[in-house]
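Q: What shape does this take:
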Amino acid sequence: MLTRRQWINRVAATSFAATAALAARGRHAVAATAEATDTPVAGKVTKLKGSALAIQDALPRVLALGSEVLTGDVISTGKGARLEMQMIDGTQTTLGERTQFVVVDFVFRDKDSNAALRLLEGAFKVTSGKIMETADASFVVDTPTATIGIRGTTFWGGTLDKNFEVALLAGKGVYVETKAGRVDLSKIGDGTMVLAGDKAPTAPTSWPAGKVARAVATVDFG
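A: Residues are numbered from 1 along each chain as shown. Below you'll find the predicted structure:
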């Protein structure tokens, strides 16, 4: 059985191969439909600006308002695009332009609720839903350099000023962890920078309002 990390890496590799295949096939590529699979539905697209694709089993499908988001989907947004998806528990995830984002797993039930997402590149914002109200729930977002653990909150993550950073926008807090250390963001407006996977995240600092605004603008539909 694959570990979660092995599964994430396999999905990431599939994403890049499928994206290249889609580009070669051009605008007339045939879209795979959710109805053709029995893959669990993880959510749906609730807001969309510009173009976005979901890739499942190396087959791309064009996303539109109301499209289903499936477990295992690798979601890619185009230039100038924004995409908001609402997960089955009410969690809202917003992606910025030229973002690749994997829905590794999303299970919401009375017991054993689990959510695992992964940012491959780009910027995103998450507002967690009812999943964090269930006992022993786990909700993490993996990135190329760090893992972000969610406690019931709204936070932003992405590349800003050439470095990967995370900021707490509302709620209880998140932790940001690498192989070299971990920091907790528990104060709204605090952020941390992750320079590499083998370096500890920087100590939390209060972001100026202008920096928070620049971060949010990367995923803002307005």
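Q: which sections of the protein are below the confidence cut-off?
A: For the chain, the stretches flagged by pLDDT under 70 are 1-37, 135.
Q: Next one: K179 relative to T159, how far apart?
A: According to Cβ to Cβ, to the nearest Å, K179 and T159 sit 20 Å apart. C-beta coordinates here come from the backbone N, C-alpha and C atoms, glycine included.
Q: So which of those two has more stuff around it?
A: T159 (15 against 12; other Cβ atoms under 10 Å).
Q: so who does that one touch?
A: Applying Cβ atoms under 8 Å, 6 or more residues apart in numbering to T159 gives the contacts E121, G122, A123, E165.
Q: any idea how far it is from V216?
A: 14 Å.
Q: SS state for G197?
A: Of the three states, G197 takes coil under DSSP: H, G, I helix; E, B strand; the rest coil.
Q: That one contacts K179, correct?
A: Yes: counting by Cβ atoms under 8 Å, K179 is a contact partner of G197 at 6.0 Å.
Q: follow-up on the earlier one: filter the contacts of T159 to the buried ones?
A: G122, A123, E165 (16 or more other Cβ atoms under 10 Å).
Q: Now, those residues that are in strands?
A: If you go by DSSP state E, the buried ones among the contacts of T159 have A123, E165 in strands.
Q: Which single one of the buried ones among the contacts of T159 is nearest to I131?
A: When the buried ones among the contacts of T159 are compared for distance to I131 (Cβ to Cβ), A123 wins out at 22.2 Å.
Q: Can you name the residues bridging to the residue nearest to that closest one when sequence neighbours are not counted?
A: With Cβ to Cβ, 6 or more residues apart in numbering as the criterion, A123 has its nearest non-adjacent residue at 2.8 Å, and that residue is G158. With DSSP bridges as the criterion, G158 is bridged to A123, E165.
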